[in-house]
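> Here is the input, now give the coordinates:
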Amino acid sequence: MTTTTNKRNYYIVFLIMLIFFVISFLTNVIGALIPDIKTGFGLSLTEVAILPFAFFIAYGVMSIPAGMLNEKYKEKKIMVAAFVVSFAGALLLVLFPNYSSYIVSLFLIGCGMAMLQVVINPLLRTSGGEENYAFNSVFAQLIFGAASFISPLVYSYLVLNLANTGAEDPVQKIFSSIVPKSLPWISLYWLFALVSLIMIVVIIVSKFPKVLLTKDEKAGALSGRCERSSVHHAKRKPRPVTQAGFKRIGWGDYFASAMHFLTKLVFAAPASFLSAAA
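Prediction:
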């Protein structure tokens with residue numbers, strides 16, 4: 001199947017790089033916020049661990065539905081919806097700054113980021129050309145890394161300026177009236193909401209190329225998947241549930257892989273944030 005066209009759309013490539021920057025900025029600043037969140041809300045380490053978990057579990061919840069929605073509604077609508085969800089998540093926290101709303105906020109922002117990640121990779125392949133996809137993907141990761149370096153610096157700048165009551169910084173004048181003095185890090189979520197709103201406008205006015213998904217990029221309809229799965233299992237010959245049978249069908253390997261994934265999801269990701277909070 002031919003999945004690319006001769007015409008390259010470098011504006012869309014630039015827009016995708018910008019989206020990679022935004023995704024990284026929103027994702028990697030959470031770790032820097034953890035100590036202030038712990039102090040501001042008076043949380044235990046267990047309660048702190050739930051925050052990054054709420055964000056990253058959204059990827060597991062939203063990735064497959066986002067792929068199905070992308071096939072039906074296409075990239076532009078899904079990207080707008082993703083930033084609307086992220087905007088709603090950021091706005092929820094700044095309007096109701098408490099622990100419960102923060103969990104919901106992180107889950108919504110995570111859902112938005114998952115939707116974007118599902119869409120932008122096929123779009124990058126189409127817009128930049130399949131022959132340039134490897135280079136563009138590596139460059140996107142470079143942008144991703146740059147944003148992860150910049151986001152804690154922006155956080156420090158905002159918090160320090162809001163904490164300095166004698167300063168005449170314009171940032172302080174803007175945020176001092178809308179950010180609780182005891183929670184200066186909330187200013188970052190005002191910034192997230194503003195960035196999400198700007199990206200919604202940019203995407204709406206942008207013209208997107210037609211993306212032809214490859215077989216590996218298609219999620220497929222849920223009913224079709226269930227039907228294919230039932231046909232596949234009906235054709236399989238029953239195997240005896242013995243130790244040899246378990247070895248042949250590789251249940252041990254599947255179980256070990258699943259446990260490794262769950263352990264990494266539940267413990268490894270929050271551990272990186274807990275080390276910053278300790």
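> Now the element after the lengthiest helix in the chain, going C-ward?
Within the chain, and with DSSP state H defining each element, the longest helix by residue count is helix 45-95. Using DSSP states H and E, the helix or strand that follows helix 45-95 in sequence is helix 99-128.
> What helices and strands are in contact with the next helix or strand after that following helix?
Helices and strands here follow DSSP H and E; after helix 99-128, the next one along the chain is helix 133-163. Here helix 133-163 touches helix 10-41, helix 99-128, helix 170-175, helix 186-205, going by 3 or more Cβ pairs under 8 Å, 6 or more residues apart in numbering; DSSP states H and E. C-beta here means a position set from N, CA and C on the backbone, and glycine is covered the same way.
> Pull the number of nearby residues for A146.
Using other Cβ atoms under 10 Å, A146 has 14 other residues around it.
> Setting the sequence-adjacent residues aside, check what's closest to it.
F21 (7.1 Å; Cβ to Cβ, 6 or more residues apart in numbering).
> ok, that neighbour to L91 distance?
Here F21 is placed at a distance of 21 Å from L91 (Cβ to Cβ, to the nearest Å).
> can you check A32 too?
Note on A32: its distance to L91, by Cβ to Cβ, is 21 Å.
> Please apply the same query to Y59.
Distance from Y59 to L91, counting by Cβ to Cβ: 21 Å.
> Same question for L212.
Applying Cβ to Cβ, the value for L212 to L91 is 36 Å.
> which of those two has more neighbours?
Taking neighbours as other Cβ under 10 Å, L212 and L91 compare with L91 leading, 18 against 14.
> these two touch, right, that one and F192?
No. Applying Cβ atoms under 8 Å, one finds L91 not in contact with F192, separated by 9.0 Å.
> burial count for S177?
Around S177 there are 7 residues (other Cβ under 10 Å).
> thinking again about what came up before, how far off centre is the longest helix of the chain?
In terms of Cα atoms, centre = their mean, to the nearest Å, the centre of helix 45-95 is found 6 Å from the chain centre.
> Against which helices or strands is that helix packed?
Judged by 3+ Cβ pairs under 8 Å, 6+ apart, the packing partners of helix 45-95 are helix 10-41, helix 99-128, helix 186-205, helix 269-277.
> out of the ones you listed, deepest packed?
Mean neighbour count (mean count of other Cβ atoms under 10 Å) peaks for helix 99-128 among the helices and strands packed on helix 45-95, with a mean of 22.
> Show the contacting residues for the residue nearest to the spatial centre of the chain.
Residue closest to the average C-alpha location in the chain (Cα atoms, centre = their mean): M113, at 2.8 Å. Contact partners of M113, counting by Cβ atoms under 8 Å, 6 or more residues apart in numbering, are I23, L26, T27, A58, Y59, A82, S86.
> hmm, 7 Å instead?
Counting by Cβ atoms under 7 Å, 6 or more residues apart in numbering, M113 touches I23, L26, T27.
> T39 now?
Counted by Cβ under 7 Å, 6+ apart, T39 has zero contacts.
> From W185, how far out is it?
Separation of T39 from W185 (Cβ to Cβ) stands at 10 Å.
> Overlap of the contact sets of these two?
Counting by Cβ under 7 Å, 6+ apart, T39 and W185 have no common neighbour.
> any idea of the pLDDT on the residue nearest to L93 when sequence neighbours are not counted?
What sits nearest to L93 in space, not counting adjacent residues and going by Cβ to Cβ, 6+ apart, is S105, at 4.1 Å. We have a pLDDT of 94 for S105.
> how much space between S105 and L188?
Taking Cβ to Cβ, one finds S105 at 12 Å from L188.
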